[in-house]
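K.L.:
3D model of this:
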Amino acid sequence: MQWTEFIIFLILFLAVTVMGFVAARWKAGATLDHLDEWGLGGRKFGSWITWFLIGGDLYTAYTFVAVPALVFGAGALGFYALPYTVIAYPLVFLPLLRMWSVSRVHGYVTPADYVRGRYGSSLLALLVAITGIVATMPYIALQLVGLESVLRTMGINGAGILGHLPLFIAFLVLALYTYQSGLRAPALIAFVKDILIYLVIIVAIVYLPSKLGGWSHIFDAANAKFTKPGATGGLLLNGNNSLQYITLAFGSALALFLYPHSVTGVLASRGRNVIKRNMVALPAYSMLLGLLAMLGFVAIAAGTPALVN
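P.N.:
Reported below is the predicted structural model:
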């Protein structure tokens, strides 16, 4: 049991939980019974809140788990996440502005509302809603996998139902304060989470290489792994994976703001100028993503074994 890690985790978990429940009173309207107030924070989030909220929605356990893990296993291909998160914002700039304006005027809360109102088809709206739910389920599953990995590295592990009890408790607490506070809970928590992410990455990028012989040794270790007979991937793209890299980046960029949670953060903005500023500023998270991806190479140099369920 890693008691230092566990205590820090517990303190942060309790602090975030308190913030989640207190968020119901943060920028509160007359009542949370109205869907606009509960699901979109009253549509009055400014530039900073929207930046942290959308950033927190898009760069989650996927950022910490999937990207470094892909770099760990496939090398340069894992860096597709950088161009993908840069080109996504110019692609959606104008459509999101229009969608926000129409949704604001007509009171649309979800993409399904927008589709039903604009095209007059309840069936199409239902299909959009179902698609959003189905597409989000593996996204949620990835968050749970990430949390489970964190718990395992702290020594919280077990088999059967009791082994998953801490994960269930964490998910239950999340559900409860989201039910009480609506979108205000993730918006307020996003401030803490994103600041912690930046601090963790800065420390990791500076501290870890100093313990592993520097970046030169890290890249040498990664190159040695990828040049072994039978190994896949590499430090650089090649003729076998260049096309996959391009299509993966472009396809992911097209899909990013089709996720319901991505659109929700946009619709919660208080004005078109807020969205414009965020489409310009959000690519800053890509720098963070690039640094995180480098941790895949760091794990190779450290001889870190992959966690296998």
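K.L.:
where's the closest residue to L174 other than its chain neighbours relative to E37, distance?
P.N.:
If you skip the residues right next to it in sequence, L174 has G20 as its closest partner in space, 7.5 Å away by C-beta to C-beta, 6 or more residues apart in numbering. All C-beta atoms are positioned from the backbone trio N, CA, C, and that covers glycine. Counting by C-beta to C-beta, to the nearest Å, the separation of G20 from E37 is 16 Å.
K.L.:
repeat for V134
P.N.:
With the distance defined as C-beta to C-beta, V134 ends up 27 Å from E37.
K.L.:
When these two are compared, which one has more neighbours?
P.N.:
Comparing V134 with E37 by neighbour count (other C-beta atoms under 10 Å), the higher total belongs to E37, at 20 against 9.
K.L.:
which SSE is the more buried one in?
P.N.:
Taking DSSP states H and E as the definition, one finds E37 inside helix 35-40.
K.L.:
List the buried residues for the helix or strand immediately after that helix in the chain?
P.N.:
Proceeding N to C from helix 35-40, the next assigned helix or strand is helix 47-58, under DSSP H and E. Applying a neighbour-count criterion of 16 or more other C-beta atoms under 10 Å, the buried positions in helix 47-58 are 47, 49-58.
K.L.:
For Y59, give me phi and psi.
P.N.:
Reported as degrees, to the nearest 10, the phi and psi values for Y59 are phi -110, psi 90.
K.L.:
In contact with the nearest residue to it once chain neighbours are set aside, which residues?
P.N.:
The shortest distance from Y59 to any residue other than its chain neighbours is 5.3 Å, reached at Y285 (C-beta to C-beta, 6+ apart). With C-beta atoms under 8 Å, 6 or more residues apart in numbering as the criterion, the residues that contact Y285 are 55, 58-59, 85.
K.L.:
same question, I156
P.N.:
Going by C-beta under 8 Å, 6+ apart, I156 touches 1, 6, 166.
K.L.:
right, and T232 touches A74 too?
P.N.:
Yes. The pair T232 and A74 passes the contact test of C-beta atoms under 8 Å, sitting 6.7 Å apart.
K.L.:
if you count what's nearby, which of those two comes out ahead?
P.N.:
Comparing T232 with A74 by other C-beta under 10 Å, the one with more neighbours is A74, at 18 against 11.
K.L.:
Give me the nearest residue to the more buried one, chain neighbours excluded.
P.N.:
In this structure, A74 finds its nearest non-sequential neighbour in G233, 4.0 Å apart by C-beta to C-beta, 6+ apart.
K.L.:
quick one: that neighbour and L77 touch, right?
P.N.:
Yes. With contact defined as C-beta under 8 Å, G233 and L77 form a contacting pair (6.3 Å).
K.L.:
so what's in contact with these two at the same time?
P.N.:
Listed as contacting both G233 and L77 by C-beta under 8 Å, 6+ apart are N241.
K.L.:
and whichever helix or strand I140 is part of, how far from the chain's centre?
P.N.:
Assigned by DSSP H and E, I140 falls within helix 122-153. Between the centre of helix 122-153 and the centre of its host chain there is 12 Å, according to C-alpha atoms, centre = their mean, to the nearest Å.
K.L.:
what's the answer for stretch 289-302, then?
P.N.:
Going by C-alpha atoms, centre = their mean, the spacing between the C-alpha centre of stretch 289-302 and its chain's C-alpha centre is 18 Å.
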